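1. This is a predicted model, with the sequence first.
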Amino acid sequence: MRLRLLLLALGTFAVGTDTMVMAGILGQVADDLDVSVAAAGQMVSVFALAYALLAPVLATLTARWRRRRLLLTALAVFTAANALSALAPDYPTLLATRVLAAAGAALYTPTANAVATALVPPERRGRAIATVLGGMTVATALGVPLGTYVGRGDWRLTMWLVVALGAVALLGLAVFLRELPTPAPAVGLRERLAPLREGRIVAAVATTFVFFVAFQAVYIYLAIVMRPATDGEAGRLSLILLVTGIASVAGSWLGGRVVDRWGVRAVLLAASSVAALAFAALPWLGLTMAGALVYAAVSPLAGWTFSVAQPHRLVSLSPAHAPLLISLNSSALYLGMAAGGGAGSLAMTLLGERWFPLLSTTLALAVLALAATTTARRPAPLQARPATEDAPAQRETARVSSPSDD
């Protein structure tokens with residue numbers, strides 16, 4: 001049982017590494033394929049946009065598939081797509097392979113969560129989901145700096161690392177994962193989007209989107225803004241990304257606890273304020289290694305604390321739609337990641353490599369204002385529509401709060 005959960009987590013670790021490691025190898029990709037760093041950054045945007053748009057569509061189209069078949073197919077597509085990325089001869093081909101990798105990831109992650117709950121008794125479902133999602137969080141602490149270090153001389157080696165991780169998870173699950181019961185009929189695409197008719201839900205989803213535009217506009221181009229501190233050395237950049245990953249894990253752990261103690265509104269306001277200050281200080285912090293490490297610790301701590309609070313906020317608005325609302329929050333997160341690449345590229349063009357984080361400062365302040373005006377101290381749940389999934393499943397899903405739950 002434990003082995004199968006760990007193999008599922010290894011798959012999410014591969015997905016998380018693939019999603020976030022591009023920030024550390026943009027320069028190598030740009031040089032190898034003879035494109036600008038800003039153009040190379042669009043790989044992240046393309047992946048995130050494809051993930052956000054394909055996730056609900058693919059979930060609907062594959063609703064009748066058996067879970068084992070769906071899980072292995074998704075992981076096979078993801079792994080093969082990364083192999084094609086490693087072999088891509090030019091920039092357009094690389095972008096196409098990123099779309100294919102996103103399709104596999106968009107199928108794998110939610111399926112892995114569902115499989116995890118089927119492997120354990122009801123009283124252990126929360127811990128099972130936490131184990132699987134832990135692979136995504138650990139990717140920020142270990143996978144990203146490892147991938148950056150491996151690809152310091154050749155970015156294609158980083159892609160082969162992701163291929164190896166995906167292949168091991170695929171082989172292990174093919175051997176040790178037995179067939180699972182056919183899932184209950186899935187919710188249709190139209191019903192998945194029905195909660196967006198509620199104004200408070202739209203405001204919450206929009207808050208997630210704007211925040212991740214701000215966060216990713218800097219993170220994707222972190223190697224650029226940190227160049228004065230790192231002097232272009234891969235080892236120094238890997239250290240910064242390692243601190244970023246550790247702070248991300250700490251923020252995820254801290255988020256659930258401070259939300260219970262302070263409430264969602266206080267956490268959202270505090271985290272967005274800290275993020276705005278960190279973005280505003282980055283043009284100066286990025287000049288020295290000490291300053292860069294301060295930013296690497298503070299910004300993701302605030303970002304992941306914020307990210308944990310948002311699913312809590314959505315679930316409190318409409319508990320009956322908890323699974324659907326968390327899914328919509330994840331789509332908004334990835335759409336924000338996609339837009340962040342373009343926003344960061346535009347800001348770099350207009351403001352320069354040192355000052356482009358000021359765009360993220362402005363966006364974080366907009367998030368602060370949005371959260372302040374659209375959250376209540378004790379929000380009343382919206383009138384629930386007829387439940388579309390069994391109540392135990394809803395209760396279990398409501399317990400999960402992660403920016404990577406998609």
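-> Thanks, I have the structure now.
2. SS state for residue 153?
-> Classification of residue 153 using DSSP: H, G, I helix; E, B strand; the rest coil returns coil.
3. ok, it - how many residues close by?
-> Look at residue 153: counted by other Cβ atoms under 10 Å, it has 10 neighbours. For glycine as for every other residue, the C-beta is placed from the backbone atoms N, C-alpha and C.
4. Now do the phi/psi pair for it.
-> With angles defined as degrees, to the nearest 10, residue 153 sits at phi -100, psi -30.
5. Name all residues that make contact with it.
-> residue 28 (Cβ atoms under 8 Å, 6 or more residues apart in numbering).
6. Domains in the protein, by residue range?
-> Domains of the chain are assigned by automatic domain parsing as 1-186, 188-376+387-406.
7. roughly how far out does the longest one sit from the chain middle?
-> Looking back up the chat, that one is domain 188-376+387-406. 9 Å (Cα atoms, centre = their mean, to the nearest Å).
8. And the shortest one, by the same measure?
-> Its chain's average C-alpha position is 11 Å from that of domain 1-186, according to Cα atoms, centre = their mean.
9. just to revisit the earlier point, can the domains of the chain go into a markdown table with extra columns for mean pLDDT?
-> Converted to a markdown table, the domains of the chain look like this (pLDDT from 0 to 100):
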| stretch | mean pLDDT |
| --- | --- |
| domain 1-186 | 82 |
| domain 188-376+387-406 | 80 |
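10. what's the closest non-adjacent residue to residue 7?
-> residue 172 (4.2 Å; Cβ to Cβ, 6 or more residues apart in numbering).
11. Likewise for residue 337?
-> Nearest to residue 337 is residue 48, by Cβ to Cβ, 6+ apart, at 3.6 Å.
12. distance of the one you found from residue 262?
-> 30 Å (Cβ to Cβ, to the nearest Å).
13. the more surrounded of those two?
-> Between residue 48 and residue 262, counted using other Cβ under 10 Å, residue 48 has the larger neighbour count: 25 against 14.
14. In contact with the more buried one, which residues?
-> Residue 48 makes contact with 19, 102, 216, 334, 335, 336, 337, 338, 340, 341, according to Cβ under 8 Å, 6+ apart.
15. hmm, which of those are the buried ones?
-> By neighbour count, with 16 or more other Cβ atoms under 10 Å, the contacts of residue 48 hold 19, 102, 216, 334, 335, 336, 337, 338, 340, 341 as buried.
16. Tell me the one of those nearest residue 198?
-> Using Cβ to Cβ, residue 335 comes nearest to residue 198 of the buried ones among the contacts of residue 48, at 18.7 Å.
17. quick one: that closest one and residue 209 touch, right?
-> Yes. Shown here, residue 335 and residue 209 form a contact pair, counting by Cβ atoms under 8 Å, at 5.7 Å.
18. For residue 224, see how far away the residue nearest to residue 225 when sequence neighbours are not counted is.
-> In this structure, residue 225 finds its nearest non-sequential neighbour in residue 286, 4.8 Å apart by Cβ to Cβ, 6+ apart. Going from residue 286 to residue 224 by Cβ to Cβ gives 9 Å.
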